[in-house]
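Peer 1: heads up, no residue letters with this:
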């Protein structure tokens, strides 16, 4: 949404947490030198407003981790960004912006002047006998965006880039060497699952699946009688009973995750029919949902394709002086957005 330039600090503002990653050495020889994960019970963004103590939490996170200002790239909570997949006829660039706005204005709940709209060209697609261009359109409200920029400026951050989470993770795929062939990135966040299909490193398709980690937690809670936060804690026991998890928890996990896998399966069929350039070769799982043990095997067994959990630190050096460096690496798929933001150029 803002011009992308070099940066060293990635700030991922999630639904109920904040992740920070600071690197030195640039994207060619990166070394992680600071990180933080701050969790809160209340959502960071709700009903068009930030929680009142967000600014103070950001300040505290920077202070405790020795981060004293600098260039930053920031991702916005999924609840703050509306994503649209649209197809339009080929047209001159000067006409495209107005066409994109006109195409989505019927879906907006706020006046066009109150939102920021950005788009990415995903290339040509077939629409019957016609050839169209597909676009990924991101929309967010101006006022909360301005408030966030002010919060970060107050703690010495110079914002070089504003992004939504899954796009930053594409950078991690590049670092992992996962850009050849057709790869699907399944980002299981708190409120939704974002699905990106890339062919030889280029984004070709994007879909939002309106189910994520919170739905999984709620299913466990309703099935077992556990409180929401108790269910959130036991969610990580894993998908299979061989992991030693409670049978009720495992059944609830199967029920909720199967619905996500089914949506992914249907999306692959739609993508193949629309693009007519072959199917998906392999799948990478990221986001907080990737922390559930055995989820990669669960997807692989149903979809019948090679599946792995994102390990973004596999090709990146972590400073030996870093506090809890091993913990950072073990949480790779959850930290991937902040890392990807720090690595983008």
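Peer 2: Noted; the coordinates are in hand. Every value quoted in this text rests on a predicted model; they were computed, and no experiment measured them. Numbering: from 1, shown residues only.

Peer 1: now the helices for the stretch 1-150 of the chain?
Peer 2: Ranges of helices within the stretch 1-150 of the chain are 54-64, 93-104, 142-154, based on DSSP state H, counting those that start in this stretch.

Peer 1: With distance to residue 276 and mean pLDDT added, can I get the ones you listed in a markdown table?
Peer 2: From N, CA and C alone the C-beta is placed, and that goes for glycine too. Shown next, in a markdown table, are these (distance: least, Cβ to Cβ, whole Å; pLDDT from 0 to 100):
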| stretch | distance to residue 276 | mean pLDDT |
| --- | --- | --- |
| helix 54-64 | 45 | 90 |
| helix 93-104 | 23 | 90 |
| helix 142-154 | 38 | 92 |
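
Peer 1: Compare these and give me the one nearest residue 263.
Peer 2: helix 93-104 (22.3 Å; Cβ to Cβ).

Peer 1: so residue 121 makes contact with residue 100?
Peer 2: No: assessed by Cβ atoms under 8 Å, residue 121 is found out of contact with residue 100, at 10.2 Å.

Peer 1: before we move on, the earlier item: got the helices of the stretch 1-150 of the chain as a markdown table, with mean neighbour count columns?
Peer 2: Converted to a markdown table, the helices of the stretch 1-150 of the chain look like this (neighbours: other Cβ atoms under 10 Å):
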| stretch | mean neighbour count |
| --- | --- |
| helix 54-64 | 16 |
| helix 93-104 | 13 |
| helix 142-154 | 15 |
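
Peer 1: that older thread, hey, what's in contact with both of residue 121 and residue 100?
Peer 2: Common neighbours of residue 121 and residue 100, using Cβ atoms under 8 Å, 6 or more residues apart in numbering, are residue 135.

Peer 1: what helices or strands is the top helix by length along the chain leaning on?
Peer 2: Longest helix in the chain by number of residues (criterion: DSSP state H): helix 247-275. Contacts defined by 3 or more Cβ pairs under 8 Å, 6 or more residues apart in numbering; DSSP states H and E place helix 247-275 against strand 115-127, strand 182-188, strand 193-199, strand 202-209, helix 213-224, helix 295-303.

Peer 1: Buried ones in it, by neighbour count?
Peer 2: 249-253, 256-257, 260-261, 263-264, 267-268, 271-272, 274-275 (16 or more other Cβ atoms under 10 Å).

Peer 1: any idea which of the helices and strands packed on helix 247-275 is most buried?
Peer 2: The highest average neighbour count among the helices and strands packed on helix 247-275, using mean count of other Cβ atoms under 10 Å, belongs to strand 182-188 at a mean of 24.

Peer 1: Give me the residues contacting that one.
Peer 2: Contacts for strand 182-188 (Cβ under 8 Å, 6+ apart): 165-166, 169-170, 173, 193-200, 204, 212-213, 260, 264, 268, 277-290, 299, 310.

Peer 1: redo that, cut-off 7 Å
Peer 2: 165-166, 169-170, 173, 193-199, 212-213, 264, 278-290 (Cβ atoms under 7 Å, 6 or more residues apart in numbering).

Peer 1: Report the mean confidence score over that strand.
Peer 2: Averaging pLDDT along strand 182-188 gives 95.

Peer 1: Report the strands that pair with it, each with its relative direction.
Peer 2: Sheet pairing of strand 182-188 (DSSP bridges) gives strand 193-199 (antiparallel), strand 282-286 (parallel).

Peer 1: Alright, calling it a day.
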